[in-house]
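Visitor: could you work out the structure for the sequence below:
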Amino acid sequence: MKTKLTSIVLLSMLVFTSCSNNSDKSKTESTDTTAVAADTSKPAEFVPFDFAEINHTVKDYAAWRPVFDADSVVRKESGMETIVVGRGQDNTNKVYIAFMVNDVQKAKDFVASPRLKDVRDKAGVISKPEVGFYRALRFNAESKEKNWVIINHKVKDFDAWLKVYDGEGVATRAEEGMVDVLLARGIDDPNIVYIVFDITDMEKAKAALSSESKKNLMMSAGVEGAPKMDFYTTAE
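Guide: Below you'll find the model as predicted:
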């Protein structure tokens, strides 16, 4: 991109020199070049991506982590790159891991493999892993809070739900101590909605999420059943 921009600037200088006796043409070339340069500085458009989440409980996080890290090469061979590791706020041995996935079926095969079960046993995993595959539709890479909440629920109609969610708005949620980070849909069931909020004020966020007004809003949006909410802290 930088090389391309430099070439455009050099080209505009040559045009100006060779056309010094034609000021109108020079102005036009300069304007056109400026417009092209401005376009190249625009941020890249967000591209939806697939990811997997796994959460489970371990005997001892400090013993589990080196085994998990040592298995990274095999995960990469299966097209899985770690996005984040989180620890439960109520139980720090509850572990959440999100992976970028470039081949969903390959990742599913990896997660279901007997080999991975052996690795988990060696690492001290003591609960049945919960696994989900999703497509991210919105992602805010700028927010870097350490504390976050994952909300997972099913809706009757995603488009109808999204209108209510967007109607509530980012600003309202920010006032409630939450920053929009990620919105995704289930790959196997697109009416499963997966949301991540970074938390700037834990007391406000928990109060808002448990309030009657929030419950009523969810009902009006077509949320089916009680949403699953898990609070995590990014692991060091």
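
Visitor: could you use CA atoms for every contact and neighbour count after this?
Guide: Noted.

Visitor: without its sequence neighbours, what residue ends up closest to Lys106?
Guide: Excluding the flanking residues, the one nearest Lys106 by CA to CA, 6 or more residues apart in numbering is Ser78, at 5.9 Å.

Visitor: surely that neighbour and Ser113 touch.
Guide: No - Ser78 lies out of contact with Ser113 (CA atoms under 8 Å); the separation is 11.4 Å.

Visitor: more crowded one of those two?
Guide: Ser78 (20 against 11; other CA atoms under 10 Å).

Visitor: tell me who's in contact with the more buried one.
Guide: Asp103, Lys106, Ala107, Phe110 (CA atoms under 8 Å, 6 or more residues apart in numbering).

Visitor: could you redo the last one with a cut-off of 7 Å?
Guide: Lys106, Ala107, Phe110 (CA atoms under 7 Å, 6 or more residues apart in numbering).

Visitor: show me what the longest strand along the chain is in contact with.
Guide: The longest strand of the chain (DSSP state E) is strand 223-234. Applying CA under 7 Å, 6+ apart, the contact partners of strand 223-234 are 85-89, 146-156.

Visitor: quickly run through the sheet partners of it, with directions.
Guide: Within its sheet, strand 223-234 is paired with strand 80-88 (antiparallel), strand 147-155 (antiparallel), according to DSSP bridges.

Visitor: next, format the ones you listed as JSON lines and append mean neighbour count and mean pLDDT.
Guide: Shown next, in JSON lines, are the strands paired with strand 223-234 (neighbours: other CA atoms under 10 Å; pLDDT from 0 to 100):
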{"stretch": "strand 80-88", "mean neighbour count": "19", "mean pLDDT": "97"}
{"stretch": "strand 147-155", "mean neighbour count": "20", "mean pLDDT": "98"}
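
Visitor: and these as a markdown table, adding distance to Ser127?
Guide: As requested, these are exported to a markdown table (distance: least, CA to CA, whole Å):
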| stretch | distance to Ser127 |
| --- | --- |
| strand 80-88 | 14 |
| strand 147-155 | 19 |
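
Visitor: for Ala107, see how far away the residue nearest to Lys106 is.
Guide: 6 Å (CA to CA, to the nearest Å).

Visitor: what about the residue nearest to Lys106, distance to Val111?
Guide: 10 Å.

Visitor: got phi/psi on Met100?
Guide: phi -70, psi 140 (degrees, to the nearest 10).

Visitor: how close does it sit to Ile54?
Guide: From Met100 to Ile54 the distance is 12 Å (CA to CA).

Visitor: how about Ala107?
Guide: Where Ile54 is concerned, Ala107 sits at a distance of 12 Å (CA to CA).

Visitor: who has more neighbours, the two?
Guide: Legend: neighbour count by other CA under 10 Å for Ala107 and Ile54, higher for Ala107 (23 against 16).

Visitor: residues contacting the more buried one?
Guide: Ala107 neighbours (CA under 7 Å, 6+ apart): Ser78, Gly79, Met80, Val101.

Visitor: out of the residues you listed, list just those in helices.
Guide: Using DSSP state H, no member of the contacts of Ala107 falls in helices.

Visitor: give me the neighbour count for Lys146.
Guide: 14.

Visitor: where do the strands of the protein begin and end?
Guide: 49-57, 80-88, 94-101, 130-139, 147-155, 178-186, 192-199, 223-234.
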